[in-house]
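[1] Could you look at this predicted model? Sequence included:
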Amino acid sequence: MNKVEIFDPAMCCSTGVCGPSVDPELTRVASAVYSLEKKGFNITRYQLTNDPDKFAKNKEIHRILMEKGPDALPVVLVNDQVVKVGSYPANEEFAEWFEVKAEELNEKPKSGLSINLNQL
């Protein structure tokens, strides 16, 4: 089974739904990652803001950042090999890496919060 790691730039969240405008690319990637995680695949995202140690400890990521700076992010590794620099994978690429259909990667995370207003 393939292992995919995504090294995100510094940002407040990985979903793209923070701030005044929604980034549809981040939302698409978050949905694909969520769907793959739910299916049990080995996919992980690291944010420069929250996981700086992962960036420093990975020799390839560290090298890319030293050569190109933070504008090179995101960087995507498949089985510890750099496959993308500066952009996120298309759903078709995720599908190929994990041998699923691209249409399976559109599931949105659901909130587990339930509020009954009649009991307030």
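    Nice, thanks for sending it over. Residues are numbered from 1 along each chain as shown.
[2] which residues in this protein form strands?
    For the chain, the strands defined by DSSP state E occupy 3-8, 42-47, 75-78, 81-85.
[3] Remind me what the shortest one packs against, helices and strands.
    It stands for strand 75-78. Strand 75-78 sits against strand 3-8, helix 59-68, strand 81-85, with contacts defined as 3 or more Cβ pairs under 8 Å, 6 or more residues apart in numbering; DSSP states H and E. Every residue, glycine included, has its C-beta placed from N, CA and C.
[4] Comparing these, which stretch has the densest surroundings?
    Among the helices and strands packed on strand 75-78, strand 3-8 has the highest mean neighbour count (mean count of other Cβ atoms under 10 Å), at a mean of 20.
[5] And for that one, what's in contact with it?
    Residues from elsewhere that reach strand 3-8 (Cβ atoms under 8 Å, 6 or more residues apart in numbering): 14, 29, 33, 36, 41-48, 54-55, 58, 61, 73-80, 88-89, 94, 97-98.
[6] and it, how far out from the chain's middle?
    The chain centre lies 7 Å from the centre of strand 3-8; the measure is Cα atoms, centre = their mean, to the nearest Å.
[7] From what I see, N2 and L77 are in contact.
    No. If you go by Cβ atoms under 8 Å, N2 and L77 don't touch, sitting 10.2 Å apart.
[8] what about M1, how many residues close to it?
    Counted by other Cβ atoms under 10 Å, the residues lying close to M1 total 9.
[9] Could you verify my assumption that it touches N42?
    Yes. Look at M1 against N42 with Cβ under 8 Å: they come within range, at 6.0 Å.
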